[in-house]
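Chemist: Dropping a prediction and its sequence here:
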Amino acid sequence: MSNSVELQDVSYSPGKDFEISGLTLTVPTGAVYGFLGPNGSGKTTTMRLMMGMHRAQQGEIVVLDRTVPKDLPDILARTGYVPERPHLYQTMTVSEAVRHHGAFFSTWDENWVDSLFDRFDLTPNRRIRRLSKGELGKLMLLLALGQRPELLILDEPTEGLDPVVRRELMSVLLEYVNDQKATVFISSHLVHELERFCDWIGIMDHGRLVAELPMEQFKNGIKRLRVMNPELCSPDEPFEILGRTSVNGGAPGEMWLVRGWNPAMTTYFESNGAQLREVVDLDLEDGFVALLQAFRAEMEGR
Amino acid sequence: MFEHVDPRSPIPLYEQIASRIRVAVAAEELAAGQALPSVRQLATSLRINPATVVQAYRELEADGFVERRHGAGTFICDVPSETKRRERIRKAEALVRNLMDEAGRLGVNGIDLQEALDRQLSRRRK
């Protein structure tokens, strides 16, 4: 099995205002896949489609080599999920909620859940509605891990949590990934958090996938170049130009935002008589914003 | 010694870890036979993907800097002093290259840079 999730040309439109259209997305097995996108871009909807909570009107969804919605019981038994909003009964106590949730899974691992319970320092008798955001966040991850899933679908699991709790959650998650070789599909607005441990990146905007690529390629291939005498450059550049702007402060030359860059391409500028003055590295957040802007400009131009 | 990984740098994290260890071996900060942290430990403490640590260790093994003993962990090898010297030189070259790039960006010329370097080095030696 080489892919844990495959979406093939999936479309879903729940109403007039929003649609997912022609979405093709692949999560390789063993990957930690970071799913980025602005609010309302369709990340949560995509995750819910994978979990069979919405029915796609078109296209094919395969999770853990089984088909959605036909094989959902098997898929759900092997997939841990942290939804955007906790779905727990407010009047249950923490230990009741754990027992209630665990009863659905034949693979539920009580010893491991107990050890996580201690590690997260959860209070068994506290009612769900009395929990702080941090406690709730820990409980939700515990519920997703308790079944020992092969795949984790995490919808902003650290949203609104303080850095201490966030780190705690992340270290438990990473230990699990290391020990079980599980696949993780995670969305978050905390781009720097994803930057540390994701090896694949997917970016959504307006219900479409803007880009999907390995993290390393993302970071090495997307650069800002400062070009002197840009007018000399022929239009057969070996990379893709996402945008061209003048240099801040009126200095000479132009800034080019490019994709698919590698250092050997410096010769392109030399052979045209232009000069490449500077190659500026972009981190994940800069790259993310840059790609989105280029994507939107292209959509508008159509 | 691993507090300085920079996820925002374009240098891949595995390469940052591997090169940090290579330099530590070259500078005799790490001695032959010494154990490196386990993959799980290092991944958790740096909050990075365990696969990244595995990749770094694999690379170091291929370079002959570490040895992975099955079930026991990863250990520093007895690296020949010639290799260590080469590694130190490589690191020095990289540092100077960075310095020159930065100077170029700011418009500082080579002569000023050379003089400043000489001055700072002799001040250090005193």
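Modeler: Arrived safely, thanks for sending. Model, not experiment: these values are computed from the prediction.

Chemist: quick one: which helix or strand includes the closest residue to B:Gln55 other than its chain neighbours?
Modeler: Closest residue in space to B:Gln55, ignoring its immediate chain neighbours: B:Tyr14 at 4.1 Å, by Cβ to Cβ, 6 or more residues apart in numbering or on different chains. To be clear about C-beta, it is placed using only N, CA and C from the backbone, and glycine gets the same treatment. If you go by DSSP states H and E, B:Tyr14 is part of helix B:13-26.

Chemist: buried stuff in that helix?
Modeler: Within helix B:13-26, the residues that count as buried by 16 or more other Cβ atoms under 10 Å in any protein chain shown are B:13-14, B:16-26.

Chemist: and of those residues, the nearest to chain A?
Modeler: B:Leu13 (7.6 Å; Cβ to the nearest Cβ).

Chemist: what residues are up against that closest one?
Modeler: Contacts for B:Leu13 (Cβ atoms under 8 Å, 6 or more residues apart in numbering or on different chains) come out as A:196, B:5, B:7, B:48, B:52, B:56.

Chemist: With respect to pLDDT, which of those residues ranks lowest?
Modeler: Across those, the bottom pLDDT score, 81, is held by B:Pro7.

Chemist: isn't that residue right next to A:His192, touching?
Modeler: Yes. Between B:Pro7 and A:His192 there is a contact under Cβ atoms under 8 Å: 6.8 Å.

Chemist: More neighbours: these two, which one.
Modeler: Comparing B:Pro7 with A:His192 by other Cβ atoms under 10 Å in any protein chain shown, the one with more neighbours is B:Pro7, at 20 against 12.

Chemist: which of the buried residues of helix B:13-26 sit farthest apart?
Modeler: The span of those, defined through Cβ to Cβ, is set by B:Leu13 and B:Ala26 at 20.4 Å.

Chemist: which sections of chain A are below the confidence cut-off?
Modeler: A:1, A:302 (pLDDT under 70).

Chemist: For the spatially most central residue of it, give its distance to A:Leu151.
Modeler: Nearest to the geometric centre of chain A sits A:Phe35, at 1.4 Å (Cα atoms, centre = their mean). Going from A:Phe35 to A:Leu151 by Cβ to Cβ, to the nearest Å gives 13 Å.

Chemist: Give the residues shared as contacts by these two.
Modeler: A:Phe185.

Chemist: For A:Thr93, see how far away A:Gly80 is.
Modeler: For A:Gly80, the distance to A:Thr93 - Cβ to Cβ - is 22 Å.

Chemist: should've said A:Thr183
Modeler: 32 Å.

Chemist: what about the helices in chain B?
Modeler: For chain B, applying DSSP state H gives helices covering B:13-26, B:39-46, B:50-62, B:81-106, B:110-125.

Chemist: A:Gly80 and A:Thr93: who's more crowded?
Modeler: Legend: neighbour count by other Cβ under 10 Å for A:Gly80 and A:Thr93, higher for A:Gly80 (22 against 16).

Chemist: is that one in a bridge, and if so with what?
Modeler: A:Gly80 has these beta-bridge partners by DSSP bridges: A:Leu152.

Chemist: hang on, it packs against A:Pro157?
Modeler: No. Counting by Cβ under 8 Å, A:Gly80 does not reach A:Pro157; the two are 10.5 Å apart.

Chemist: Which residues belonging to the helix or strand that A:Glu175 is a member of are considered buried?
Modeler: Element membership for A:Glu175, per DSSP H and E: helix A:163-180. Residues of helix A:163-180 classed as buried: A:165-166, A:168-174, A:176-178 (neighbour count, 16+ other Cβ under 10 Å).

Chemist: ditto for stretch A:217-233
Modeler: So for stretch A:217-233, counting by 16+ other Cβ under 10 Å, buried means A:218-228, A:230, A:233.

Chemist: Please apply the same query to stretch B:79-92.
Modeler: So, applying 16+ other Cβ under 10 Å, buried residues of stretch B:79-92: B:79, B:83-84, B:87.

Chemist: repeat for stretch A:92-110
Modeler: Buried residues in stretch A:92-110 (16+ other Cβ under 10 Å): A:92-94, A:96-98, A:101-102, A:105, A:108.

Chemist: swap in stretch A:238-258?
Modeler: Buried-residue list, stretch A:238-258, by 16+ other Cβ under 10 Å: A:239, A:242, A:253-258.

Chemist: Looking at the buried residues of helix B:13-26, which one is closest to A:Arg126?
Modeler: Of the buried residues of helix B:13-26, the one sitting nearest to A:Arg126 (Cβ to Cβ) turns out to be B:Leu13, at 38.5 Å.

Chemist: Could you find the closest non-adjacent residue to that closest one?
Modeler: Beyond its immediate neighbours in the sequence, the residue positioned closest to B:Leu13 (Cβ to Cβ, 6+ apart) is B:Thr52, lying 5.0 Å away.
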